[in-house]
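Colleague: structure, please.
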Amino acid sequence: MTRRPHALAILTVLLLAPLAATPAQFATTEYAQRRAALLAQIADGVVLALGAHEPAQDYLSFYQTPSFNYLTGLVEPDAALVIVKSGGSVTSTLFVEPRIPAREVWVGTRLGVDGAQRRTALPTREIGDLAQVLDSLSSSGLPWYVVGDFSTEDPGSGLTPDQQFVSAFRSRHPAIVVKNATPHVLQLRATKSPAELALIRQAAEITARAERDAMQALAPGMNEFEIQALVEYTFRRNGAERPSFASIIGSGPNATALHYNLDDRFIEGGDIVVMDIGASYKGYAADVTRSIPANGTYSPEQRAIYQIVRDAQGSAERQAKLGAPAHFMSDSATAVLAAGLTRLGLIEAPGASYDCDAGGQTAQCPQYDLYYMHGLGHGIGLEVHDPDQAEIAPGDAFTIEPGIYVRSDVLDVLPQTPRNRALIAKLRPAVNRYRNIGIRIEDDYIATPNAVEWISRAPREMAEIEAIMKTPRSTRASRDSALIERYRRP
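Modeller: As a prediction, the model looks like this:
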């Protein structure tokens, strides 16, 4: 990493670069409609929306706060939006960093005030004016609504920068009532526009392509990071800007860890490899998982568990109908998983329980959650876990991702009660038979005015996966075998 020269030296040689006419993500009218929808949910007041800050080290990646992006489309750091709604009148002002040549030589050309105003169609000022404007509005007598990052739940972990900003403002103006308006924006984000759904569809198609490429490339002896690299190369090669979350390539025992992302184990012949991946395309996330056999053919045990998970997903898909409560999908999938686990001898019965620890007290937990411990799915959008709705409606975008994970130590961590000791003895043979098999199948769906549509069309039936893994492995990247062997040795 190079050392930064003195700013004055830069100023003597750097000229202002012409601003590229990059189009906005959506039409400015769509952002205006989103802001109007937010204002319709609140009374008269001052709305302050805070964007994400420049990382402390500017060579680190910057990602805009999703809700600020949603309201403005601006993806530059240290910006803010102020909207004043009073007596039927609405005024909006965007605040952005000015263009500073000495800074741009390090971080690239910025929009500045004029460029941001052209981009957003909002009146725009320099961010340095924000404090003065907020102070001047403090005497308006209006309530204040803030949209920002207020994610800190542990008081001991410190305040987020947005919380610090609001705290400092309230200390200067203690009589002002400040309310968190972020939940209102999250509610709006749960319903995607047709333009948003088109981007999610593209993200899902890119991700499905990466799943297919990985299926063709994977072979025993490779390291998980080779598949990770291929997946993320496919993302970028097809226009995605980054993964929407840390890529999960989990083989063997790693397939049973839900969010394993070290991606640093050599894949063995009998392994299942869980590939939970997602491309972010123009800010919108996909999330697709396939679980494939390292040697190209599922073993009888892998096949048995895979089919249960696939049947559970299919049962949830049949419940995914416009107007249906979303929990119908989860209820249906859980019933299929519990019945399948019973058939395999991994649990005693679909409704059976075990003694679990609930805050130091013994409680009863369903036996199926020894192997299926997460929810069925989640919304997708500007975040990979985006807001969703209780009832399926046009504009929804969500995943369905049932799974079964037979960890080798699943019985060893149970509380040692008499009931559990008897249960452990009964289930141990089945756990030993299916140990280290983790299967998750996850797909992406969007709801249009006509139907719910499956958009992540990577192979997912076992016969399809086995067939594509037998095709010529032309997508495998070349590598230095000697280098890999040196890496393999501790």
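Colleague: when you work out contacts or count neighbours from here on, use the C-alpha atoms and nothing else.
Modeller: Fine.
Colleague: contacting residues for residue 235?
Modeller: Residue 235 sits next to 206, 207, 210, 241, 242, 243, 279 when contact means CA atoms under 8 Å, 6 or more residues apart in numbering.
Colleague: the same query, at a cut-off of 10 Å, please.
Modeller: 203, 206-210, 229, 241-243, 278-281 (CA atoms under 10 Å, 6 or more residues apart in numbering).
Colleague: what helix or strand does it sit in?
Modeller: Assessed by DSSP states H and E, residue 235 sits inside helix 224-237.
Colleague: give me the sheet partners of whichever helix or strand comes after that helix and which way each runs.
Modeller: As assigned by DSSP H and E, the chain's next helix or strand after helix 224-237 is strand 242-243. Strand 242-243 has its sheet partners listed here by DSSP bridges as strand 279-281 (antiparallel).
Colleague: tell me which residues are up against the very next helix or strand once past the partner strand.
Modeller: Per DSSP H and E, strand 279-281 leads on to strand 284-285 as the next helix or strand towards the C-terminus. Residues outside strand 284-285 that contact it (CA under 10 Å, 6+ apart) are 66, 196-204, 207, 240-245, 278-279, 379-386, 444.
Colleague: in a strand, that's where residue 330 is, yeah?
Modeller: No - Residue 330 is assigned helix when assessed by DSSP: H, G, I helix; E, B strand; the rest coil, not a strand.
Colleague: quick one: buried residues of the helix holding residue 235?
Modeller: By neighbour count on 16 or more other CA atoms under 10 Å, the buried set for helix 224-237 is 224, 225, 226, 227, 228, 230, 231, 232, 234, 235, 236.
Colleague: same deal with stretch 105-116?
Modeller: Neighbour counts over stretch 105-116 (16+ other CA under 10 Å) mark 109, 110, 111, 112, 113, 114, 115, 116 as buried.
Colleague: same thing with stretch 376-383?
Modeller: Buried residues in stretch 376-383, counting neighbours by 16+ other CA under 10 Å, are found at 376, 377, 378, 379, 380, 381, 382, 383.
Colleague: Provide the backbone phi and psi angles at residue 55.
Modeller: Residue 55 adopts backbone torsions of phi -60, psi 150, taken as degrees, to the nearest 10.
Colleague: okay, now it: neighbour count?
Modeller: Other residues lying near residue 55 total 13 when counted by other CA atoms under 10 Å.
Colleague: how far away is residue 147 from residue 249?
Modeller: Note on residue 147: its distance to residue 249, by CA to CA, to the nearest Å, is 35 Å.
Colleague: and these two? Which one has more around it.
Modeller: The neighbour comparison of residue 147 against residue 249 (other CA under 10 Å) goes to residue 249, with 29 against 25.
Colleague: for residue 303, what are its contacts?
Modeller: Contacts for residue 303 (CA under 10 Å, 6+ apart) come out as 293, 297, 439, 462.
Colleague: in three-state terms, label the residue lying closest to residue 55 once chain neighbours are set aside for me.
Modeller: Using CA to CA, 6 or more residues apart in numbering and skipping residues adjacent in sequence, the residue nearest residue 55 is residue 62, 6.4 Å away. Secondary structure assignment for residue 62 (three-state DSSP): coil.
Colleague: distance of residue 62 from residue 177?
Modeller: 31 Å.
Colleague: show me which of those two is the more surrounded one.
Modeller: The neighbour comparison of residue 62 against residue 177 (other CA under 10 Å) goes to residue 62, with 15 against 12.
Colleague: contacting residues for the more buried one?
Modeller: Neighbours of residue 62 in contact, by CA under 10 Å, 6+ apart: 52, 53, 54, 55, 75, 76, 77.
Colleague: surely the last one meets residue 96?
Modeller: Yes - A contact is recorded between residue 77 and residue 96 when judged using CA atoms under 10 Å, the distance being 8.0 Å.
Colleague: joint contacts of those two?
Modeller: Common contacts of residue 77 and residue 96 (CA under 10 Å, 6+ apart): 51, 110.
Colleague: the two - which one has more neighbours?
Modeller: residue 96 (29 against 19).
Colleague: contact partners for the more buried one?
Modeller: The contact partners of residue 96, by CA under 10 Å, 6+ apart, come to 51, 74, 76-81, 110-117, 124-130.
Colleague: rerun at 8 Å
Modeller: For residue 96, the contacting residues are 78, 79, 80, 112, 113, 116, 124, 125, 126, 127, by CA under 8 Å, 6+ apart.
Colleague: and it, how far from residue 117?
Modeller: Separation of residue 96 from residue 117 (CA to CA) stands at 10 Å.
Colleague: go on, residue 455?
Modeller: Residue 455 sits 36 Å away from residue 117, going by CA to CA.
Colleague: residue 305 too?
Modeller: 55 Å.
Colleague: the more surrounded of these two?
Modeller: Set residue 305 next to residue 117 and count neighbours by other CA under 10 Å: residue 305 wins out with 24 against 18.
Colleague: wait, residue 452 sits on residue 321?
Modeller: Yes - using CA atoms under 8 Å, residue 452 is in contact with residue 321, at 6.2 Å.
Colleague: any shared contact partners between the two?
Modeller: Common contact partners of residue 452 and residue 321 (CA under 8 Å, 6+ apart): none.
Colleague: mind checking the SS state of residue 186?
Modeller: Assigned by three-state DSSP, the conformation of residue 186 is helix.
Colleague: low pLDDT regions in the chain?
Modeller: In the predicted model of the chain, residues 1-24, 152-157, 473-481, 483-484, 486-490 satisfy pLDDT under 70.
Colleague: so for it, the centremost residue is which one?
Modeller: For the chain, the residue sitting closest to the mean C-alpha position, by CA atoms, centre = their mean, is residue 384 at 2.0 Å.
Colleague: so that one versus residue 283, what's the distance?
Modeller: Taking CA to CA, one finds residue 384 at 10 Å from residue 283.
Colleague: again, but for residue 407
Modeller: Residue 407 is 35 Å from residue 283, by CA to CA.
Colleague: please apply the same query to residue 366.
Modeller: Counting by CA to CA, the gap from residue 366 to residue 283 is 38 Å.
Colleague: could you do residue 145 as well?
Modeller: Distance from residue 145 to residue 283, by CA to CA: 25 Å.
Colleague: please apply the same query to residue 210.
Modeller: Separation of residue 210 from residue 283 (CA to CA): 18 Å.
Colleague: what of residue 301?
Modeller: For residue 301, the distance to residue 283 - CA to CA - is 39 Å.
Colleague: list the buried residues for whichever helix in the chain runs longest?
Modeller: Determined from DSSP state H, the single longest helix within the chain is helix 194-217. Within helix 194-217, the residues scored as buried using 16+ other CA under 10 Å are 196-197, 199-217.
Colleague: and the angle from that helix to helix 224-237?
Modeller: Computed by axes from the mean of the first three to the mean of the last three CA atoms, to 10 degrees, the angle separating helix 194-217 from helix 224-237 equals 140 degrees.
Colleague: residue 57 should be in a helix, yeah?
Modeller: No - under three-state DSSP, residue 57 falls outside any helix and is assigned coil.
Colleague: how about the CA coordinates for stretch 68-77, as CSV?
Modeller: The C-alpha coordinates for stretch 68-77 follow below in CSV (Å, rounded to 0.1, in the frame of the first residue of the first chain):
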residue,chain,number,x,y,z
PHE,A,68,-30.5,5.8,1.9
ASN,A,69,-29.9,4.2,-1.5
TYR,A,70,-33.6,3.3,-1.7
LEU,A,71,-34.6,6.9,-1.1
THR,A,72,-32.0,8.7,-3.3
GLY,A,73,-30.1,6.3,-5.6
LEU,A,74,-26.9,8.0,-4.5
VAL,A,75,-24.1,5.6,-3.7
GLU,A,76,-21.4,8.0,-2.6
PRO,A,77,-20.3,8.3,1.1
